[in-house]
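I would like to see how this sequence folds:
(one chain, ligands or ions: 3)
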Amino acid sequence: MELYADIIVDITHEKVDRTFQYRIPDALREEVRVGSMVVVPFGAANKEITGYCIGVTAIPSYDKTKIKDLISLKEKGVTAQGKLIQLADFMKNRYGVTMIQALKTVLPVRQTVEGREKRTVTALLSQAELSALLEQLEQKHQTARARLVKALMEKPELSFEYVTKDLKISAAVLQWMRDAGVGTVESIPLLRNPVQGIPEEKISFTLSRDQRYIIEEITKHRQKSGPGNYLIHGITGSGKTAVYVELIERTLARGEQAIVLIPEISLTYQTLRRFYTRFGSRVSVMNSTLSQGEKYDQMRRAENGEIQVIIGPRSALFTPFEKIGLIVIDEEHENSYKSDLSPRYHAREVAAEIARLHGADLVLGSATPSMEAYHAAQRGEYRLFELNERLTGGSLPATQIVDLRAELKEGNRSIFSRLLQEKIADRLQKKEQTLLFLNRRGYTGFLSCRSCGYVVTCPHCSVSLSLHRDGMLHCHYCGYAQPQVLKCPKCGSAHVLGFKAGTQQVEEKVREMFPQARVLRMDGDTTRLKNSHQAILSAFERQEADILVGTQMIVKGHDFPNVTLVGIIAADLSLSEHDFRSGERTFQLLTQAAGRAGRGVKAGDVVIQTYQPQHYSVQAAAAQDYKSFYAQEIAYRSLLHYPPAGCMMAIQICGKEEKRTADLTRSITEQAQKAVRNGLKLQLLGPGEAAVYKLKDTYRHMIYAKAAEREPLLILKNILEQYKVQTRPTNEKEYMQFDFL
Ligand code: ADP
Ligand code: ZN
Ligand code: ZN
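Ligands and ions are numbered 1, 2, ... in the order given. Below you'll find the predicted structure:
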C-alpha cells in the first residue's frame, strides 16, 4: 500500500487552505508524519521547496499517476512549527473539526503594521563588483544609478528613506537595482515589546517551607521520572505566583521556555510587575489590547528566541517556542479558558497536549479548582499540592448566612436583610468600605418560593426550569415543560416569584436607604467603555466611594485593603442558573467574593443572603471548605452522569425561519435517535429551546447528548454534520454548533 502526505508549503494562517499531495517514498514511510518538515518538488520546474506534512493517507485525492514523490525529510526532529501542526491534529480529533479549522486556531495571523517596519536597501554585490559597475555607469553617464552604487559602496545597508529622499533615487532606478541583482529592498518589522522600562530586581522574601516543598518535588520528579502534571490548591495570597516564578526561573536555567496563562481580567500591572522584575526583557505579555500585528511580533520574537516567557490568556498557548519546559495555568477554574469560537477548545486540555508534545511540566493553580481538575487529581492524573496559609496577612473573614425566608416571615420585604443593613450603617460610620455583590451572569428565568426556598426544577435533569414567553416552565436540557407554578408545591405559599433585582435596582435601594453614602456601580452597562472597568476599581481603591455595587466583575483581580464588608444579595441567582455547573459556579463566586473582605489589617465580615441557606454550595463557601463542596458536587455529577463524571455534548440548531428551524431540529433529533438505536452508546436529551430562544433574529434549539466516553459523541457529531450537508447543503441561514461541556 502506498502512502500519501498532504503538504502545506506556506505555513501561514491565510494560506493553510492550500495543500498539495505527494507520495511518500518507501524509505521515508516510517519517518514522515504529521508535523514533519519535508522537501518537495514544486511547480512545473520542480523547484525544491520545504513544506510541512499535515496529514498522511492511503487514499490519494488525485490521479495517482500525477502525484509526485516527496524528496526528503528536512529535519529529523519536529520543529516548533511542526509541533503546532501536531497540536492542530490533536484538536481536530478532540473537538471533531477539520484540520484546516484547527490550523487556523493554532497558527498566528501574519500581519505587519503599516509604518512600523524598517525598510532598508542592501547591496548584493561585493565591493570589487560594485566598484567595476560604478566605473561602467559613470562612463555611460547614468548618474542616478551611479549615485546609488556609490552610496552602497560606502555603506552596504542604507535606510529606504535616505535612498529615496536624500539621494533622490526613483522607483525605476530601484527596479533596475533589483533586476540587475545589484541590491534588494528589505523590510524588517520592528519587533515590539509591549511592556518596557520595569527594572529587573531580585525578590526580597525567602520562600516558605510549603512553597519550597512544591518546587523541590516538581524538580525532583522531573530529574527522576520526567515531566508531570500538578494542581496547586491554594487560596488567594497563599504564594502560588511566587511558586510559578521560581519554577519559571528553573525552566529558563535549563534553556527551556515557559508559557503562563492568566485570565485577562487578572493581568494587572501589579501581577505583570512581578514577572518583569524577575525576568526583564526575557518575558513578554499578550492581551487583547495588542493589535494583530503586535501579536504576530510576539510570536516572531518567541520563534527567534528573543523571549523565553510569555504571559497571556488562552491564545498564548500557541506561542511557537522551540522547547517548552513549563506551562502554568493560574486560576484554572476560570470560564475564559474555554474558547467561545469553533473549535471550542479548553485551555486545560490543549495545554496538557502541548506539555506532552514538548515534555513540559503542567502546573494548574486555583483557590477553587474546577471539578475537572480536582477529579483528575483524585484519579492520580495530577499530583495535588496545597497551600493553606495566607502570606499577605489579614485574617479570613467571618461569614454569616442570612435566611431570606425568615426575613420575609418577619415582615422585611426589602432586598437587604436587617443584619446587612446594620452592618452597612456600621461601616459608613467607621469610614470603611462595602462591596455589594449580585452574582448573576445574564439571563435568569427561574422561579422560587420566597417562603420556603423551593426552586422549580426539572424532574429528569435536576436543573432549574425557566419561564418562557409562552407562560410555561421549560428545561433547557431535555425540553420538559410544565405550566407555571402559582402555588408552592412544597409549602403551599403563593410567593412563588422570579428574580428581577439587577445592579441598578440595588444601587437605587442603597441610595434610598443610605442617602449619605457615596455609591459606585460596576456592571455590563457601566463598563462598556474601554478602561472604565479599571477606572471604577481605581476610584473605589482611592476610597472615592463607600459602597461598590456590582456583578462578578468586582470580585476579581483587585485588592481593597479598606473593604471590611462584603454583602451577597442573593446566592440563589447563580445557584438557580439552569445548568449543571450552577452549584460549582456559586461556590466559586461566593468564595471569591468572601475573599475580598478583610484583605488589610482590619478584620472583615461577609453576609450571604439566600432563600436556600441549607444548600451545600452556600454552606461550603461560608465555611471556606472546598473538600466538602467537592464531595457533594461530585456525588451529584456522578448520579446524573454530568462531566467530569461523564461526557456531554451540546448541539445547537439555529435558523432565521422559525418553522424551518423547528423542522430541522426534529429531523436532526430523529437522526440522532436512529444512531442510538443502531448501537451508539449515548443518551439523548431534548430537543428543547435554548435558554435565550430568539437571539438576533435567530431561533435556537438544543439537543444534548451524554455518554461515558467521548468517542460516541464525536461519532454523533460526524453523523449529524453529514446529514445536514446532504439534506440542506446550501442554506447558510441554518447551522449547527457543537460544544463539549
Ligand atoms: P497567590 O498567587 O496564591 O495569590 P502570591 O504568590 O501572589 O499568592 O503571594 C501573595 C503575596 O505574598 C505577594 O505579595 C507575595 O509577594 C507575598 N509572598 C509570596 N511568598 C512569600 C513568602 N514566602 N514570604 C513572604 N511573602 C511572600
Ligand atoms: Zn414554598
Ligand atoms: Zn430536563
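
Could you check how far the residue in the stretch 451-600 of the chain that ligand 1 sits nearest to is from S266?
Here the stretch 451-600 of the chain gets closest to ligand 1 at one residue, D559, 9.2 Å apart by Cβ to the nearest ligand atom. Where you see a C-beta, it was placed from the backbone N, CA and C, and this is true even at glycine. D559 sits at a distance of 11 Å from S266 (criterion: Cβ to Cβ, to the nearest Å).

Identify the neighbouring strands of the longest strand seen in the chain in the sheet and state each direction.
Secondary structure assigned by DSSP state E gives strand 683-695 as the longest strand of the chain. Strands that pair with strand 683-695, judged by DSSP bridges, come out as strand 698-707 (antiparallel).

Show me which parts of the partner strand are buried, residue by residue.
T698, Y699, R700, H701, M702, I703, Y704, A705, K706, A707 (16 or more other Cβ atoms under 10 Å).

of all those residues, which comes closest to R677?
The nearest member of these to R677, counting by Cβ to Cβ, is A705 at 14.1 Å.

Surely that closest one is in contact with L716?
Yes: checked against Cβ atoms under 8 Å, the pair A705 and L716 is within contact range at 5.8 Å.

what do those two both touch?
Counting by Cβ atoms under 8 Å, 6 or more residues apart in numbering, the common neighbours of A705 and L716 are M649, A672, L682.

Leaving out chain neighbours, which residue sits closest to the residue positioned nearest the centre of the chain?
Nearest to the geometric centre of the chain sits Y337, at 2.9 Å (Cα atoms, centre = their mean). Distances taken as Cβ to Cβ, 6 or more residues apart in numbering put A347 closest to Y337, at 3.9 Å, once the chain neighbours are dropped.

List the contacts of that neighbour.
A347 touches L261, R314, L317, I329, Y337, K338, S339, counting by Cβ under 8 Å, 6+ apart.

ok, now how distant is it from S448?
For A347, the distance to S448 - Cβ to Cβ - is 34 Å.

Up against ligand 2, what does the protein have?
Selection of the chain residues close to ligand 2 by Cβ under 5 Å from the ion yields C449, S451, C452, Y454, C488, K490, C491, S493.

Run a quick check on the first one versus K487, I expect a contact.
No: distance between C449 and K487: 9.1 Å, which falls outside the contact criterion (Cβ under 8 Å).

where do the contact lists of these two overlap?
S493, V496.

just checking, R344 touches D739?
Yes: in this structure, R344 is within contact of D739 by Cβ under 8 Å, at 5.1 Å.

Report how many residues lie close to G305.
Neighbours of G305 under the rule other Cβ atoms under 10 Å: 10.

name the element it belongs to?
For G305, there is no enclosing helix or strand under DSSP states H and E.

Can you tell me the closest non-neighbouring residue to it?
Nearest one to G305, counting by Cβ to Cβ, 6+ apart, is E322 at 7.0 Å.

Confirm the one you found sits in a helix?
No: under DSSP: H, G, I helix; E, B strand; the rest coil, E322 falls outside any helix and is assigned coil.
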